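# The amino acid sequence is not available; the structure is as follows:
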């Protein structure tokens, strides 16, 4: 009897444990069950207020954009007006410069060819002093139509136009011969047309060595040399300066001519002034001398081209440490 009672007691305890476990699970499920999300619905009044706010912001943005566009248009118009005014001022300035040049030309018509301007002075280097000292005294005192001998390198820019070929070419060859004979010795020379065309293409952009044989060859070639010419020395002068100007060289350009067909004397002067600057002592990189041949002068006076050439070379010589000489005869 005692053994059976023990069995029943243990069976009841196991059932109690199982019931308690199920009860605990049910309690946990009840406690952990989450509530369903609540969706907040917007009322028509809230939507209308937001729509009104967005419309107000859009209107303010559009107004600001219109104001900015108006300011931009005004700025562009102001810029265009300033550009037109600047262009007008440039035209006025060019007109004033041209009139100034014309007045200057009129004042020098009577005297510009026959008047020899101030002699260019140039400090000789020690080597030039030695070369001239070693040459015969008579040769060291010679000059080219009154222009002193003061350079280590010489460039001849020669007008080869029809008027020069027909009426002054013998004198051109003669003056070239005088120039070469007047220099006892130079480090280099060059010959080009008024268009900047080299007499010898094999020596283009480099110096022709100074030898007796080459001097004779240059003169012989000059007698029959007839490259194209537009009767304006501007191109040749610019090529000579841009190619051969150097701080460590004493260079002189001799311009032989009789006519200037360019549009503006003042424009040429400004260009040469820019490409041929002065050093700290006020001396230009390249000396520019000019010899004018009077082929444009007759019984009825001088042609405008002849006067303009003389005026151009006078100004270039004055501003670039050179001398301009107007010959009285082409014979």
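Ah, there it is. Predicted model, so just to flag it, every value in this text is computed and none were measured. Residues are numbered from 1 along each chain as shown.

# Strands along this protein, start to end?
For the chain, the strands defined by DSSP state E occupy 153-158, 188-193, 251-257, 286-292, 297-298, 301-302, 324-326.

# can you list those in a markdown table and add mean neighbour count?
Every residue, glycine included, has its C-beta placed from N, CA and C. Output for these, formatted as a markdown table (neighbours: other C-beta atoms under 10 Å):
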| stretch | mean neighbour count |
| --- | --- |
| strand 153-158 | 25 |
| strand 188-193 | 22 |
| strand 251-257 | 26 |
| strand 286-292 | 26 |
| strand 297-298 | 16 |
| strand 301-302 | 14 |
| strand 324-326 | 25 |
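
# Distance to residue 24 for those - can I get that in TSV?
Below are the strands of the chain laid out as TSV (distance: least, C-beta to C-beta, whole Å):
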stretch	distance to residue 24
strand 153-158	117
strand 188-193	117
strand 251-257	115
strand 286-292	114
strand 297-298	135
strand 301-302	132
strand 324-326	125
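
# out of those, which comes closest to residue 245?
Using C-beta to C-beta as the measure, strand 286-292 is the one of these that comes nearest residue 245, at 4.9 Å.

# What is that closest one packed up against?
For strand 286-292, the packing partners by 3 or more C-beta pairs under 8 Å, 6 or more residues apart in numbering; DSSP states H and E come out as helix 234-244, strand 251-257, helix 304-319, strand 324-326.

# Quick check: pLDDT value at the residue lying closest to residue 175 once chain neighbours are set aside.
Once flanking residues are discounted, residue 175 sits nearest to residue 291: 6.1 Å by C-beta to C-beta, 6 or more residues apart in numbering. Looking at residue 291, its pLDDT stands at 94.

# Over to the one 5 residues further on?
We have a pLDDT of 89 for residue 296.

# Indicate which one of the strands of the chain is closest to residue 263.
strand 251-257 (16.7 Å).

# Quick one: work out the angle between the closest one and strand 188-193.
Using axes from the mean of the first three to the mean of the last three C-alpha atoms, to 10 degrees, the direction of strand 251-257 lies 30 degrees away from that of strand 188-193.
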